[in-house]
Structure formats: structure tokens, C-alpha cells
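**Student:** prediction below, plus the sequence it came from.
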Amino acid sequence: MTLGFIFYYRFNYKFEKGATLLPVTVTHVENINYESVTFLATYIVPLACIDLDKDRSSLMLVTIIILIGWIYIKTNLFYTNPTLAIWGYHIYKVSTSNRTDITIIVRGKVAVGSSILLKNIDDKIYLAKL
């Protein structure tokens, strides 16, 4: 839990520190918050049914969690983490005047015409600030 709080405050600090690019205007918005629910339904709920009293089951749980994490990182789907939704972040696929189909993680609601500041996380994935 301590590591979780450390990462949370580190993430918040980096997010609140500001964006590195100039403000851009949103021309198209698609809300993709449903992907975190898909993550929960597909992976977490079945894992809750594992019997942790058996050594083999515990080993399988750890192996599956590591494998799922590795797959999500390799496929750039790490932004579907459900804890972002708990912390008040929203995930959108947006287009701007100079970028198309980028994924943004933002605290707050984004609409067409909104002006946002972007901070690059990964290829086509950005933290945004309203």
C-alpha cells in the first residue's frame, strides 16, 4: 500500500507539474472510459475465484497477474488501469488541429472546442490538462 501511495503522489506531481507542449484545440472527442470496465470484467473478476489456500493457485495467480501486466504494457493499453477512474481521470480518444486519434488521460471533461495542454507519455498517449 505504501508503494501505491508513493506512485500515486509521484503521478499526481508529474501531472500537475504542467504540460510540455503548447495548448491545442480539440476537434473530435470519443470517450473510452469503458475500457477500464472491460479490463475489470475480463481479468480481475475471474482471478477473484482462485483458491489462495493452495500453493499452486497462489503461484498461478502471481503468474497470471505478471503476464497480464506485461501484455498491457507491451500493447500500450496501460492507460486502461481502473484506478485512474477511481482517482477521477477520464480517458478520451481525441483529434486536434495537428494530431489525429491520440489517447489522452485528463482530470475533467473534454468537449469539442476545449483547449488542452498535452504531455507525452508514450506513442500517441498523452496526459492532458484543461
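**Tutor:** Everything's here; your move.
**Student:** what sits against N98?
**Tutor:** Shown in contact with N98 (CB atoms under 8 Å, 6 or more residues apart in numbering): V24. C-beta: built from backbone N, CA, C; applies to glycine.
**Student:** ok, now the one 3 residues further on?
**Tutor:** If you count contacts by CB under 8 Å, 6+ apart, D101 has them with K93, S95, K124.
**Student:** buried only: go through the residues you listed for me.
**Tutor:** If you count burial by 16 or more other CB atoms under 10 Å, the buried members of these come out as K93, S95.
**Student:** please flag which of the contacts of D101 sit within helices.
**Tutor:** Using DSSP state H, the subset of the contacts of D101 located in helices is empty.
**Student:** from the contacts of D101, which land in strands?
**Tutor:** Under the assignment DSSP state E, those contribute K93, S95 to strands.
**Student:** could you dump the contacts of D101 to CSV with distance to T75 and pLDDT?
**Tutor:** Conversion of the contacts of D101 to CSV gives the following (distance: CB to CB, whole Å; pLDDT from 0 to 100):
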residue, distance to T75, pLDDT
K93, 16, 95
S95, 22, 95
K124, 13, 88
